[in-house]
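Participant: sequence and computational prediction follow.
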Amino acid sequence: MPVHNNDVAEVFNKIADLLEIKEENQFRIRAYRDAARTIGGLSKNVSDLIDQGRDLSELPGIGKDLAGKIETIVKTGTHPLLEDLKEEIPEELSGLMKLQGMGPKKVAAIYNELGVKTDKDLRKAAEEHKIRDLEGFGETTEKNILEELERRQGDHKRYKLSTAEQMVNPYIDYLKNEKKLKSLEIAGSFRRRKETVGDIDILATCKRGCEIMDQFTEYEDVEKVISKGETRSSVVLKSGLQVDLRLVPQVAFGAAMHYFTGSKEHNIAVRKIAVKKKYKLNEYGVFKGDDRIAGKTEKEVYDKMNLPFIQPELRENRGEIEAAKKGSLPDLITLEDICGDLHVHSKYTDGRYTIKEMVKAAEEKGYEYVAITDHSQKVTVANGLNPKRLRKQIEEIDKLQEKFKNIRILKSIEVDILENGSLDLPDEVLKELDFTVCSVHYKLNLSQKKQTERVLKAMDNPHMNILGHPSGRLIHERKPLDLDMEKIMKKAAKENVHLEINSHPDRLDLNDTHCKSGKEIGIKMVISTDAHTIDDLNLMRFGVGQARRGWLEPKDVINTLPWKKLKKHFKRE
DNA sequence: GCCGTTTTCGGCCCGACTGTTTTCAGTCG
């Protein structure tokens, strides 16, 4: 099994955990955590970088020592330092540290005093009331530990952005009933439009005598109040989602938005700029000595750092600070730039509505065009189209077009890429279409070599225009295909094949880092919904969010173009 | 362990809340 970036990150995080329990130098520990984040967030495979002879110490936070350690981990899957630490301290303790409220000190104490190593040990010790007598612990801590163990059993780590939206929007509406509220905004990874969110951060400003914290903790969906203070409270909803509310003064709202939008990595980078300028930056503003010199808006904060405003989706410390300094930030795509949807299903296969109904809904969205892309014959469970039924659909679209004056209906298909890399329908019928979306739906477990060759070979077919949901992943459900994405993107650039950003919140495929590397390689992308219902047409916002996280501008996405220009991109020589 | 317009040593981001103890350490974000 090849060693992936996440494996390297995990080894470093485990080393950091165990060093923390040992009460080692905190900055050394931070170095390991920083390195874990750097490697974990890399868009390229670190083992490939090594193969290409790249110097890993050029990466931020990676020096000579850690570069060497990374090579060892890539070769062996672990590192002697971790193995040595595991001799001293049971590695299970690093798992205990993931419980809310349990840090290195508490974990060390319960291990040293009670020999507790696992969740199971911890539960037993708590149930036998052995925890409460330890120094620094008490009855409440013991009770909290039991509750946390209970909570951990339900798998609730991160929520898809769409799920979080469904839970948080009614909460926001409810909070807005407070009359003394001046403003209420969601910050955090939700605002950065990350594909999954761990919790929700809400910021509010209020007039005097506002009771927003009471309102907040008394919401009907609140399962547990974790903390409640004058300026900050945290609750867990019945769904398991944690929501934090911060009340901030108006003069500090921008600084707080910046601080709580994150990411942590971006904030650290900006704060370092502040330190260099002899300023102090925190959630209350930018300070010169004791004087607040900025903080009402985010723009003010960036101004003081001599930076232009940086869009939330870019704030991951993946080069946006450097780009901002150079004045080369991307002019990010917006939902309004989208001229049409190029991946829509109908009742012919597994869609729920007729072509007419889907087209009408697309027209009502103001689109200039919409493509009907049903499945091909291989997808029997969806009643995929054979050549005969596809031709019937083409005829129906031609007739239907006469009734729609304001929207062009594009004839297309989501055709399967078969195991041998050929397409699931003959060229004679594919050439009658305006373009094709080609996707992998079967044989998902091929080796990287075979899977990559399969997709590369499909691109040799001049009728292939778009690679649909390229990685095939389903968030939280299915791993991505084992593909050499760089090879595929390079060939796509050469062959004028476009990669899809599938907007479905379960897919969001391409992911953000692939969008960015695709842009760097020079491919043009497409943002589509893969709609199976009328309502699904509204999912476009998630795909646009992902594209923005991937630094994409309107010029990088071809369905921002009117049909006349778009159709040129479907010509292959 | 990393890093450098303070460059090979001596720094390294910062504040709120909780629980336990009684002035603060630990944890979190």
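Facilitator: Sure thing, it's come through. Numbering: from 1, shown residues only, chains lettered A, B, ... in the order given.
Participant: between its first and last residues, how far does stretch A:346-355 reach?
Facilitator: 5 Å (CA to CA, to the nearest Å).
Participant: how close does residue A:140 sit to DNA strand B?
Facilitator: Distance from residue A:140 to DNA strand B, counting by CB to the nearest atom of the strand, to the nearest Å: 4 Å. Any C-beta I mention is one placed from the backbone N, CA and C, and that applies to glycine too.
Participant: run a quick neighbour tally on that residue.
Facilitator: 9 (other CB atoms under 10 Å).
Participant: what's near enough to touch it?
Facilitator: Applying CB atoms under 8 Å, 6 or more residues apart in numbering to residue A:140 gives no contacts.
Participant: spit out the contact partners of the nearest residue to residue A:256 once chain neighbours are set aside.
Facilitator: Leaving aside its chain neighbours, residue A:256 sits nearest to residue A:248 (4.2 Å; criterion: CB to CB, 6 or more residues apart in numbering). Contacts for residue A:248 (CB under 8 Å, 6+ apart) come out as A:203, A:204, A:205, A:231, A:256, A:283, A:284.
Participant: following the helix or strand bottoming out on mean pLDDT in chain A, which helix or strand shows up next?
Facilitator: One helix or strand of chain A scores below all others by mean pLDDT, DSSP states H and E: helix A:139-153, with a mean of 83. Using DSSP states H and E, the helix or strand that follows helix A:139-153 towards the C-terminus is strand A:159-160.
Participant: quick one: distance of the helix or strand just after that next one to the chain centre.
Facilitator: The C-terminal neighbour of strand A:159-160 among helices and strands, as given by DSSP H and E, is helix A:161-175. Centre-to-centre, helix A:161-175 and its host chain are 18 Å apart (CA atoms, centre = their mean, to the nearest Å).
Participant: tell me the helices and strands packed up against helix A:161-175.
Facilitator: If you count contacts as 3 or more CB pairs under 8 Å, 6 or more residues apart in numbering; DSSP states H and E, helix A:161-175 packs onto strand A:181-186, helix A:188-191, strand A:196-197, strand A:199-206, helix A:212-217, strand A:242-247, helix A:540-549.
Participant: can you name the residues that contact the most far-flung residue of chain A relative to its centre?
Facilitator: Distance from the C-alpha centroid of chain A, by CA atoms, centre = their mean, peaks at residue A:133 (42.8 Å). Residue A:133 makes no contacts at all, as judged by CB under 8 Å, 6+ apart.
Participant: can you pull the pLDDT of it?
Facilitator: We have a pLDDT of 87 for residue A:133.
Participant: how about residue A:351?
Facilitator: 92.
Participant: residues contacting it?
Facilitator: Contact analysis of residue A:351 by CB under 8 Å, 6+ apart lists A:344, A:345, A:358, A:374, A:531, A:532, A:533.
Participant: sorry, back to before: distance check, the residue farthest from the centre of chain A against residue A:223.
Facilitator: Residue A:133 sits 29 Å away from residue A:223, going by CB to CB, to the nearest Å.
Participant: before we move on, back to that, for the least confident helix or strand of chain A, list every residue counted as buried.
Facilitator: Residues A:141, A:142, A:144, A:145, A:147, A:148, A:149, A:151 are the ones in helix A:139-153 that count as buried (16 or more other CB atoms under 10 Å).
Participant: and which of the residues you listed is nearest to DNA strand B?
Facilitator: residue A:141 (3.7 Å; CB to the nearest atom of the strand).
Participant: helices of the stretch 301-450 of chain A, start to end?
Facilitator: A:320-326, A:355-364, A:387-401, A:427-430, A:448-460 (DSSP state H, counting those that start in this stretch).
Participant: OK, contacts around the residue positioned nearest the centre of chain A?
Facilitator: Closest residue to the average C-alpha location of chain A: residue A:195 at 3.0 Å, with CA atoms, centre = their mean. Contacts for residue A:195 (CB under 8 Å, 6+ apart) come out as A:160, A:161, A:475, A:505, A:508, A:511, A:512, A:546.
Participant: go with 10 Å
Facilitator: Listed by CB atoms under 10 Å, 6 or more residues apart in numbering, the contact set of residue A:195 reads A:158, A:160-162, A:189, A:475, A:505-509, A:511-512, A:542, A:545-546, A:549.
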